[in-house]
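[1] With the input below, show me the fold.
(one chain, ligands or ions: 1)
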Amino acid sequence: MSAERRLKAERIRHLLETERDAIRENTTHMNRQRYDAIERFERYEASREAARAIKEDAIERLPELIDRVRESVEANGGTVYVAEDAADANRYITEVTAEKGAETLVKSKSMTSEELEVNEALETAGVDVYETDLGEFVIQVAGEAPSHLVGPSLHKSTAAIAELFNAHFEPDEPLETAEELTNFARDYLLEYIVEADVGMTGANFVLADSGTVVLVTNEGNARKSAVTPDTHVAVAGVEKILPSIDDLAPFTELIGRAATGQEFPQYLTMLSPPVDSPPLDFESDVPLSEAEGDRDFHLVLVDNGRMEMREDPQLRETLYCIRCGACANTCANFQHVGGHAFGGETYTGGIATGWEAGVHGLDSAAEFNDLCTGCSRCVNACPVKIDIPWINTVVRDRINRGEDAELDWLVEGLTPDAEPGGMDLGKRFFGNFGTVARLGSATAPLSNWVANAGPARALAERVLGIDRRRDLPRFERQTLRAWFDARGGAAVPAGDADREAVLYADPYTDHVQVDRGKAAVRVLEALGVHVRIPEVPESGRAPLSQGMVATAGERASEVYRSLVEHVDAGRDVVVIEPSDLAMFRQEYEKFLPEASFERLGEASYEVMEYVYGLLGEGADAGELADGRGEAVAYHSHCQQRTLGLDAYTEAVLDDLGFDVVTSSVECCGMAGSFGYKSEYYELSMDVGGDLQSEFAAHPDREIVASGTSCIEQLDALFDDGTRHPVELLDPGR
Ligand code: SF4
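    Okay, the predicted model is just below:
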C-alpha cells in the first residue's frame with residue numbers, strides 16, 4: 001500500500017474507532033426523521049420544484065439582486081459590504097469591531113463564518129469570540145472543527161460532552177445528562193450575550209427587496225445574538241439572496257424537514273436590521289418602551305469564489321444549496337466516518353466537494369472526494385434537487401487531470417480511454433474494467449490463478465491500490481454472449497414472440513456473473529420474448545465512477561449508436577445491472593442529445609421491472625420457477641432504489657410464491673470499485689456490517705441481490721453464493 005493510502009486508511013480507522021458510533025446514531029436518526037416528515041408532506045415534490053426554480057432564478061439574477069439588497073439595507077440604515085474573499089471579509093469585520101472598541105463578540109452558527117475563519121481573525125485582533133449555538137460551543141471548547149453542516153458536534157456523544165464540560169468548567173456538581181449540559185451552556189452563554197459588544201449571525205436567506213435577514217435555528221440563540229448587543233454583523237454567502245418574501249415559503253417548508261425531520265424549525269427569525277427596538281440595557285431601570293439608543297448593522301456578503309462558481313456550468317448548481325445536511329445524513333459512508341473524514345477545510349458531506357472546490361480549491365476537495373461512491377441516494381434527499389454525485393464526478397475529473405503521469409506505462413493497453421496521462425493508476429484500471437474483463441475471460445482460468453497469486457496481489461495492492469483482503473472477480477472462460485451463440489441464439493423465434501428484447505450484456509454479466517445472464521435469457525424466453533444479445537460497448541459507468549467524464553461520454557455515444565437500431569425496430573432494452581440502467585435513464589442526459597437520451601431511457605428496463613411488466617400484460621407466470629414459499633432475503637441496489645425500481649423485484653417474487661424480506665439497509669458498502677480500494681476497504685466492510693447484522697437475523701433465507709457490487713459484498717460478508725433475483729425465477733434452475 002502506498003504511504004498516502006496507508007495514511008488515509010489509518011485516519012479512517014481512527015475515526016471509525018472514535019467518532020463512528022455517535023455520528024451513526026445521530027445521522028441515521030435525522031435521516032429516519034426526514035423520511036417520516038417527507039412522507040407526511042404531500043407537497044414535497046411541488047415544494048422542491050418551486051425551491052429549485054427560485055434558486056435558479058436568483059443565481060441567474062445575482063448581480064442585480066446584490067444591488068437590490070444594498071439599496072434595501074441602506075434604506076433601513078444599515079451597511080452592506082461585498083467581500084471579495086475571506087481576507088477581505090475578515091479585514092472589514094475586524095475594522096467594524098475596532099471602530100466599536102469591541103472586546104467581546106457573540107456569534108450564532110454560521111458555516112460561512114467557518115469558511116472565513118473569522119474567529120481566528122477576531123481573536124488575533126484582540127476580540128474574544130463566544131459561540132452561542134450549543135454544538136458550535138461544544139467544538140469551540142474542544143478546539144475542534146465542525147463535523148456536520150447542521151450538527152457541528154454530532155460526532156460527540158452526550159457522555160463525551162459531559163466529560164469535556166466537567167474537565168473544562170469544573171462545575172460544582174458534575175454534569176451528566178443532555179438537559180444538564182444544555183442548561184449549563186445556556187446560562188453560561190447568556191452572561192456573555194448580555195455583555196457582548198457585537199453580535200454576529202449568519203443568514204439562511206437574505207431577502208433582496210426588504211433587506212431582511214432570515215435565521216433558522218432550534219435554539220433561539222441567533223435572535224439573542226443579533227438583537228442584544230447594539231451592533232449586529234450578519235455574514236452570508238452571496239448565494240443566500242432570494243428576491244423577496246414571496247419566494248421564502250418553499251424553503252421554510254423544506255429546510256426543517258430536510259435537515260432534522262421537523263415540520264417547522266423551532267425558531268424562524270426575520271429581521272430587517274438595524275431593528276427599531278433600542279439596544280437592551282439589562283442594568284437600566286428605564287422601561288424598554290422608553291429606552292433610546294442607536295443600533296448599527298453590517299451585512300457582509302461573501303463572494304470568495306462564488307461568482308466564479310456561478311460562471312462554471314458544472315459547479316453553479318452548488319450555489320442552490322441551502323445547507324440542510326440531508327445529503328450527509330443519507331450517505332452511508334458519512335454515517336460511518338463523519339465529516340472529519342468526509343469533508344475539506346470547512347464543508348462536510350456530499351455537497352462539500354462542490355463548496356470546497358469552489359471556495360478553497362481542488363486540493364481541499366481532493367482530500368475526501370473519493371468517499372462519494374456515486375450511489376445517488378442523496379439526489380432524492382436534496383430539497384433543491386441538486387445532482388450532488390454529478391458535481392462530485394466533475395470535480396473528480398478535474399482532480400484526475402492534475403495528477404502526475406510517471407507510471408502510466410504500467411497500465412498501457414489496459415486503458416483505451418479518453419483521459420490525459422497522469423491519472424491515478426487504480427482509477428484508470430477500474431475505469432477500464434470492460435477491457436480487463438475481456439482479457440480475463442480470454443485467458444481464464446489462467447487469469448484467475450495469476451491474479452490471485454501472492455506476488456500479483458502484492459503488486460496490485462502497491463500499484464493499483466486493490467486491497468489484498470478483497471476477493472477478486474473470477475472471470476468465466478465462456479462469456480454470456482459466447483454461450484448464447486453456442487446454443488444457437490434465441491430459443492423463441494421473432495415470428496412467434498410477443499415482444500422482442502435486447503439483453504444488455506454488461507461486462508460483469510458477460511464475463512463474471514454469467515449465470516444471472518443465462519437465467520435472464522431463459523426467464524424472458526419462458527415469457528414469450530425473442531431475445532438478442534448484440535455486442536454493445538460498456539455503458540460508461542465504470543469510467544464515470546472514477547471521474548473519467550470524457551471516456552464515459554464516449555461510451556454513451558457508442559452505446560447509443562449500437563442500440564438505436566434496436567430501439568427503432570421496437571425492441572426493448574433489458575438491463576440486469578441497475579447502475580447501468582441508471583446510466584441510460586439518468587446520466588446519459590449529460591452526454592446525449594435530449595431526444596436520444598429520452599429515446600433510449602424510455603426503451604430501457606431493469607430485468608425484474610420488465611418481468612413485472614410482462615406478467616402484467618398477461619404472460620404466463622406458470623412458465624417460471626415456482627417459489628413454493630421459499631424464504632428469501634433481498635437486498636436492492638442503491639441506484640435501483642433511487643430510480644424507484646426495487647418494488648418490482650419484491651412484487652414479482654411475492655407473486656411467484658417466494659417469502660421475501662427486504663433489507664432496510666440502503667447501502668452494502670461495496671459501491672463498485674470503492675470496496676476494493678485499500679484505503680477504503682475497512683470502511684466498506686464497516687458499512688456492510690449493517691446489512692450483515694440485518695440478514696444475520698434470517699439465517700435460513702437465501703440471500704439475493706440485484707447489483708454486482710452488492711453480490712460481491714454479500715459474498716464477502718456471508719461467505720456464500722449470493723444470486724440475482726432473476727436466477728430464482730429461472731425455469732431451468
Ligand atoms: S446539497 Fe442539498 S441536501 Fe446537501 S446540504 Fe445542500 S441543500 Fe441540503
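
[2] What's opposite residue 206 in the beta bridge?
    residue 213, residue 241 (DSSP bridges).

[3] contacting residues for it?
    Applying C-beta atoms under 8 Å, 6 or more residues apart in numbering to residue 206 gives the contacts 69, 212, 213, 214, 234, 236, 240, 241, 242, 299, 301. The way it works is simple: take the backbone N, C-alpha and C, and place the C-beta from them, glycine included.

[4] Get me the contact residues on the chain for the ligand.
    Applying C-beta under 6 Å from any ligand atom, we find that the chain lies next to the ligand at 149, 258, 321-327, 350-351, 381-384, 386, 388.

[5] Show me these that map onto strands.
    Counted as lying in strands by DSSP state E, out of the residues of the chain next to the ligand, is not a single one.

[6] mind listing which of the residues you listed are in helices?
    Among the residues of the chain next to the ligand, the ones falling in helices (DSSP state H) are 258, 326, 327, 381, 388.

[7] Show me the strands in the stretch 101-250 of the chain, by range?
    104-107, 128-131, 198-201, 205-207, 212-217, 231-237, 241-242 (DSSP state E, counting those that start in this stretch).

[8] If we ignore the residues flanking it in sequence, what's nearest residue 174?
    Spatial nearest neighbour of residue 174, chain neighbours left out: residue 166 (5.1 Å); criterion: C-beta to C-beta, 6 or more residues apart in numbering.

[9] Can you give me the end-to-end span of stretch 475-493?
    30 Å (C-alpha to C-alpha, to the nearest Å).

[10] got the phi/psi numbers for residue 670?
    phi -80, psi -60 (degrees, to the nearest 10).

[11] wait, what's in contact with the nearest residue to residue 427 once chain neighbours are set aside?
    Excluding the flanking residues, the one nearest residue 427 by C-beta to C-beta, 6+ apart is residue 546, at 4.0 Å. Residue 546 makes contacts with 396, 400, 423, 427, 428, 430, 431, 673, as judged by C-beta under 8 Å, 6+ apart.

[12] Just the buried ones among these, please.
    Neighbour-count burial (16 or more other C-beta atoms under 10 Å) is assigned, among those, to 396, 400, 423, 427, 428, 430, 431, 673.

[13] can you tell me which of those residues lies nearest to the ligand?
    Checking those against the ligand by C-beta to the nearest ligand atom gives residue 396 as the nearest, at 16.8 Å.

[14] elements contacting the helix or strand encompassing the closest one?
    In this assignment (DSSP states H and E), residue 396 forms part of helix 388-400. Applying 3 or more C-beta pairs under 8 Å, 6 or more residues apart in numbering; DSSP states H and E, one finds that helix 388-400 contacts helix 352-359, helix 362-366, helix 377-381, helix 549-568.

[15] hey, C-alpha coordinates of that helix in PDB?
    Coordinates of each C-alpha in helix 388-400 appear next as PDB, following Å, rounded to 0.1, in the frame of the first residue of the first chain:
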ATOM      1  CA  ILE A 388     -24.600  16.000  -6.000                       C
ATOM      2  CA  PRO A 389     -23.000  12.900  -7.400                       C
ATOM      3  CA  TRP A 390     -22.500  14.700 -10.700                       C
ATOM      4  CA  ILE A 391     -20.700  17.600  -9.000                       C
ATOM      5  CA  ASN A 392     -18.500  15.000  -7.200                       C
ATOM      6  CA  THR A 393     -17.800  13.300 -10.500                       C
ATOM      7  CA  VAL A 394     -16.900  16.500 -12.300                       C
ATOM      8  CA  VAL A 395     -14.600  17.600  -9.500                       C
ATOM      9  CA  ARG A 396     -13.000  14.100  -9.500                       C
ATOM     10  CA  ASP A 397     -12.400  14.500 -13.200                       C
ATOM     11  CA  ARG A 398     -10.700  17.800 -12.600                       C
ATOM     12  CA  ILE A 399      -8.600  16.400  -9.800                       C
ATOM     13  CA  ASN A 400      -7.600  13.500 -12.100                       C
END
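
[16] so how far is it from its chain's centroid?
    12 Å (C-alpha atoms, centre = their mean, to the nearest Å).

[17] Which elements pack onto whichever helix or strand comes after that helix?
    Downstream of helix 388-400, the first helix or strand assigned by DSSP H and E is helix 425-431. For helix 425-431, the packing partners by 3+ C-beta pairs under 8 Å, 6+ apart come out as helix 541-545.

[18] quick one, what contacts the residue lying closest to residue 438 once chain neighbours are set aside?
    Excluding its sequence neighbours, the residue lying closest to residue 438 (C-beta to C-beta, 6+ apart) is residue 511, at 7.0 Å. Counting by C-beta under 8 Å, 6+ apart, residue 511 touches 437, 438, 440, 441, 473, 475, 476, 479, 480.

[19] try 7 Å
    For residue 511, the contact set (C-beta atoms under 7 Å, 6 or more residues apart in numbering) comprises 437, 438, 440, 441, 475, 476, 479.

[20] do the same with residue 650
    634, 660, 662.

[21] Pull out the buried members of those residues.
    For these, buried by 16+ other C-beta under 10 Å: 634, 660, 662.

[22] Need the phi and psi values for the closest residue to the first one other than its chain neighbours.
    The spatially closest residue to residue 634, leaving aside those adjacent along the chain, is residue 662, at 4.9 Å (C-beta to C-beta, 6+ apart). In this entry, residue 662 is assigned phi and psi values of phi -110, psi 140 (degrees, to the nearest 10).

[23] got it, and residue 30?
    Dihedral angles (degrees, to the nearest 10) for residue 30: phi -60, psi -40.

[24] how many neighbours does it have?
    A total of 24 residues lie near residue 30 under the criterion other C-beta atoms under 10 Å.

[25] hang on, it packs against residue 262?
    No: Residue 30 is not in contact with residue 262 according to C-beta atoms under 7 Å; the separation is 9.8 Å.

[26] still on that earlier bit, widest-spaced pair of the ones in helices among the residues of the chain next to the ligand?
    Within those, two members stand farthest from each other by C-beta to C-beta: 258 and 388, at 13.0 Å.

[27] how about the closest residue to residue 306 other than its chain neighbours, what does it touch?
    Leaving aside its sequence neighbours, residue 306 sits nearest to residue 238 (C-beta to C-beta, 6+ apart; 5.3 Å). Going by C-beta under 7 Å, 6+ apart, residue 238 touches 62, 66, 301, 302, 303, 306.

[28] From the ligand, how far out is the last one?
    Going from residue 306 to the ligand by C-beta to the nearest ligand atom, to the nearest Å gives 14 Å.

[29] quick one: that residue and residue 237 touch, right?
    Yes: with contact defined as C-beta under 7 Å, residue 306 counts as touching residue 237 (5.8 Å).

[30] With neighbour numbers in mind, choose between these two.
    Here residue 306 and residue 237 are compared on neighbour count by other C-beta under 10 Å; more neighbours surround residue 237, at 26 against 22.

[31] which residues in the stretch 551-700 of the chain form helices?
    For the stretch 551-700 of the chain, applying DSSP state H, counting those that start in this stretch gives helices covering 578-585, 594-603, 607-616, 638-642, 646-655, 681-696.

[32] The stretch 101-250 of the chain now?
    111-116, 118-124, 134-142, 158-169, 178-195, 221-227, 249-260.

[33] residue of the stretch 1-150 of the chain with the smallest distance to the ligand?
    Taking C-beta to the nearest ligand atom, the ligand has its nearest neighbour within the stretch 1-150 of the chain at residue 149, 5.7 Å off.
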